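S.K.: below is the sequence, then the predicted model.
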Amino acid sequence: MPEGPSILLMKESIQKFEGQKVTEASGNAKIDKDILVGKTLQQIKTFGKQTYLIFDDVAIRIHLLMFGSHSVDEQTKPDRQLRLALLFSNSGMYFYTCNVKMVDKDFLATIDWEADVMSDDWNPSKAEKKIKANPDMMVCDALMDQDIFSGVGNIIKNEVLFRIGVQPESLLGKMPTKKIKELIKEARNYSFDFLEWKRDFTLKKHWLAHTKKICPKCGQKLIKKQTGKGKRRSFFCENDQKLYQ
DNA sequence: AAGGTTGTTGCCAG
DNA sequence: CCTGGCAACAACCT
């Protein structure tokens, strides 16, 4: 579930709690939950796959990792590990199986918000500079690098590379500038397509490469391979995706 | 129905 | 000191 677009949908669903006061905090998160009671949730901000619940003096960072989930108003599946529940006057938010951390409010100022591909502050030329500074990096690792493309996950990686016709193990330094620009543009563009498809519960049927066996362009068998430093699985077409090396 | 995974941290070895 | 590799986490999908 949780790549950047899914996190934005989560934010939408808990947006209504902004400005409300916490009446009760529970769950097995290893933070001092009691200090949240009585505090007002001033703002909710996302940075890539992270969500920050900002209170008067502290902030809570929530990261859903691979299996995390959330619900509003009711504990739909009580068998999951309830990590954090925040109740407000007449409703509440519940987070399951995620990483919860309390951070200093000053920490928020150290985040490079311009690295979030879905943010209004997204800065493509900054991303290009970071890419140019890493000529030996594989493009699959670059897309997964949260300092360059915050919010991009493995699904977005595979779909973006298929769309721009680039083989995942291509080296950044060997790709022409035009392709790099396409990469940067499509990382954001596809993320917003993902957002709308996810919202409509039609994400999977729009996958062209991820988990697919056959190339939708040429009909050839897709390659499935663990690629890059993270050894994350990639799906690609040897025919339609060029290897720059 | 067992095995893999939309992600990250933290530990350990070298 | 740094780096790389991998276990741990624990729920859903196929």
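M.R.: Yep, it's here.
S.K.: which bits of chain A sit near DNA strand B?
M.R.: Taking Cβ under 7 Å from any atom of the strand, the part of chain A that reaches DNA strand B is made up of A:1-3, A:6, A:48-49, A:63, A:65-67, A:99, A:144, A:146, A:153-155, A:210-211, A:230, A:232-233. The way it works is simple: take the backbone N, C-alpha and C, and place the C-beta from them, glycine included.
S.K.: among those residues, the buried ones, what's the ChimeraX command?
M.R.: In ChimeraX, the members of the residues of chain A next to DNA strand B classed as buried (16 or more other Cβ atoms under 10 Å) are selected with the following command:
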select /A:2,3,6,48,49,63,144,146,153,154,155,210,232
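S.K.: taking the residues of chain A next to DNA strand B one by one, which sit in strands?
M.R.: Among the residues of chain A next to DNA strand B, the members falling in strands are A:63, A:99, A:232, A:233 (criterion: DSSP state E).
S.K.: the second one touches residue A:67, doesn't it?
M.R.: The one in question is residue A:99. No. Between residue A:99 and residue A:67 there is no contact under Cβ atoms under 8 Å: 10.9 Å.
S.K.: which residues touch residue A:215?
M.R.: A:209, A:221, A:222, A:237, A:239, A:240 (Cβ atoms under 8 Å, 6 or more residues apart in numbering).
S.K.: could you rerun that using 7 Å?
M.R.: Going by Cβ atoms under 7 Å, 6 or more residues apart in numbering, residue A:215 touches A:222, A:237, A:239, A:240.
S.K.: same thing with residue A:139?
M.R.: Residues touching residue A:139, when contacts are defined by Cβ under 7 Å, 6+ apart, comprise A:161, A:166, A:168, A:170, A:172, A:175, A:183.
S.K.: now with 10 Å, please.
M.R.: By Cβ atoms under 10 Å, 6 or more residues apart in numbering, residue A:139 lies in contact with A:131, A:157, A:160-161, A:164, A:166-172, A:174-175, A:179-180, A:183, A:227-228, A:243-244.
S.K.: any of those buried? List them.
M.R.: When neighbours are counted using 16+ other Cβ under 10 Å, these contain these buried positions: A:131, A:157, A:160-161, A:164, A:166-172, A:175, A:179-180, A:183, A:227-228.
S.K.: still on that earlier bit, tell me which of the residues of chain A next to DNA strand B fall in helices.
M.R.: Residues from the residues of chain A next to DNA strand B lying in helices, with DSSP state H as the criterion: A:6, A:144, A:154, A:155.
S.K.: roughly how far apart are the third one and residue A:115?
M.R.: Distance check for residue A:154 against residue A:115: by Cβ to Cβ, to the nearest Å, it reads 18 Å.
S.K.: give me the residue from chain A nearest DNA strand B.
M.R.: Ranking the residues of chain A by distance to DNA strand B (Cβ to the nearest atom of the strand) places residue A:153 first, at 2.1 Å.
S.K.: who's in contact with that residue?
M.R.: The contact partners of residue A:153, taken as Cβ under 10 Å, 6+ apart, are A:1-7, A:48-49, A:66, A:143-144, A:146, A:191, A:194, A:232.
S.K.: do residue A:15 as well
M.R.: Residue A:15 makes contact with residue A:44 under the criterion Cβ under 10 Å, 6+ apart.
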